[in-house]
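>>> using only what follows, build the 3D model:
(2 chains)
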Amino acid sequence: AQSVTQPDIHITVSEGASLELRCNYSYGATPYLFWYVQSPGQGLQLLLKYFSGDTLVQGIKGFEAEFKRSQSSFNLRKPSVHWSDAAEYFCAVGGAAGNKLTFGGGTRVLVKP
Amino acid sequence: ETGVTQSPTHLIKTRGQQVTLRCSSQSGHNTVSWYQQALGQGPQFIFQYYREEENGRGNFPPRFSGLQFPNYSSELNVNALELDDSALYLCASSSASGSDTDTQYFGPGTRLTVL
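Numbering: from 1, shown residues only, chains lettered A, B, ... in the order given. Modelled structure (predicted):
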């Protein structure tokens, strides 16, 4: 069975500081990994994805994520957060053929001025 | 390019009623997936449709059903509504071929409240 764990429910960070969100997954085959962001009352916006190749992937809005197979992790990072980055972030795992995604419980990011 | 759209935006129903939610997939996408997101939780997979056939189902009872139409739009139907069905229902579309295969793009969701 596939699963995703996001250990941090809430993270508060000062504007301009760096941000790292943790994601650990369990998947029986080669995982397809995603990070989505959700603003209050909105749908999910894709930040980045990893299928294969370079383990450091770049996404939109200055985000990047690193796939570490040995640690079953896919952590999301941003060097300098902006107030507009306040949102909920979801890590998800899926497989080939684009079928179901399994999401983590999400991490809510608050940005202090 | 038109993104994924969903209707209605909000809906209020009472227990025991039936509801239909609608989704139009992104241009060029032939696969639609539905997710339920309860308050404070991550989305949970309900089912997926590809070429008008169900192509995978999550752990949801049969009173959750769906359709996909020849233009790839989709409906989610829920019968005999229960209070626990109150949630944000998200539709996602993807393409089974091409350079962006296996990436799901989400609509804004329909907020369903069951009283």
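>>> confidence score at the nearest residue to B:Pro8 once chain neighbours are set aside?
Spatially, and ignoring its direct neighbours in sequence, B:Pro8 is nearest to B:Thr110 (6.1 Å; CB to CB, 6 or more residues apart in numbering or on different chains). For every residue, glycine as well, the C-beta is placed using N, CA and C. On pLDDT, B:Thr110 comes in at 97.
>>> could you do B:Thr2 as well?
Confidence for B:Thr2, expressed as pLDDT, is 69.
>>> so does stretch A:28-47 get close to chain B?
Yes - using CB under 8 Å from any CB of the partner chain, stretch A:28-47 reaches chain B at A:32, A:34, A:36, A:41-46.
>>> give me the number of residues near A:Glu64?
16 (other CB atoms under 10 Å in any protein chain shown).
>>> name the nearest residue to the most far-flung residue of chain A relative to its centre, sequence neighbours excluded.
The centre of chain A is farthest from one residue, A:Pro113, which by CA atoms, centre = their mean lies 23.0 Å away. In this structure, A:Pro113 finds its nearest non-sequential neighbour in A:Glu15, 5.8 Å apart by CB to CB, 6+ apart.
>>> the residue positioned nearest the centre of chain A: which element?
Geometric centre of chain A, nearest residue: A:Trp35, 3.5 Å, by CA atoms, centre = their mean. Here A:Trp35, judged by DSSP states H and E, is contained in strand A:32-38.
>>> one more: B:Pro62?
Applying DSSP H and E, one finds B:Pro62 in no helix or strand.
>>> any idea how far it lies from chain A?
18 Å (CB to the nearest CB, to the nearest Å).
>>> got a pLDDT number for that residue?
Confidence score, pLDDT, at B:Pro62: 96.
>>> cool, and A:Pro40?
Looking at A:Pro40, its pLDDT reads 85.
>>> kindly report the same for B:Ser99.
The model's pLDDT for B:Ser99 equals 66.
>>> in terms of helices and strands, where is the residue nearest to the spatial centre of chain B?
The centroid of chain B falls nearest to B:Trp34 when counting by CA atoms, centre = their mean (3.0 Å). For B:Trp34, the host element (DSSP H and E) is strand B:31-37.
>>> picking up where we left off before, and the least confident of the residues of stretch A:28-47 next to chain B?
At the low end of pLDDT for the residues of stretch A:28-47 next to chain B is A:Gly41, which has 78.
>>> now do the contacts for residue 79.
All of this is about chain A. A:18, A:62 (CB atoms under 8 Å, 6 or more residues apart in numbering or on different chains).
>>> that's the other chain; I wanted chain B
Contacts of B:Asn79 by CB under 8 Å, 6+ apart are B:18, B:63, B:65.
>>> and the residue in chain B positioned nearest to chain A, how far is that from A:Leu47?
Minimum separation of chain B from chain A (CB to the nearest CB) falls at B:Gly42, amounting to 3.5 Å. As judged by CB to CB, to the nearest Å, B:Gly42 and A:Leu47 stand 15 Å apart.
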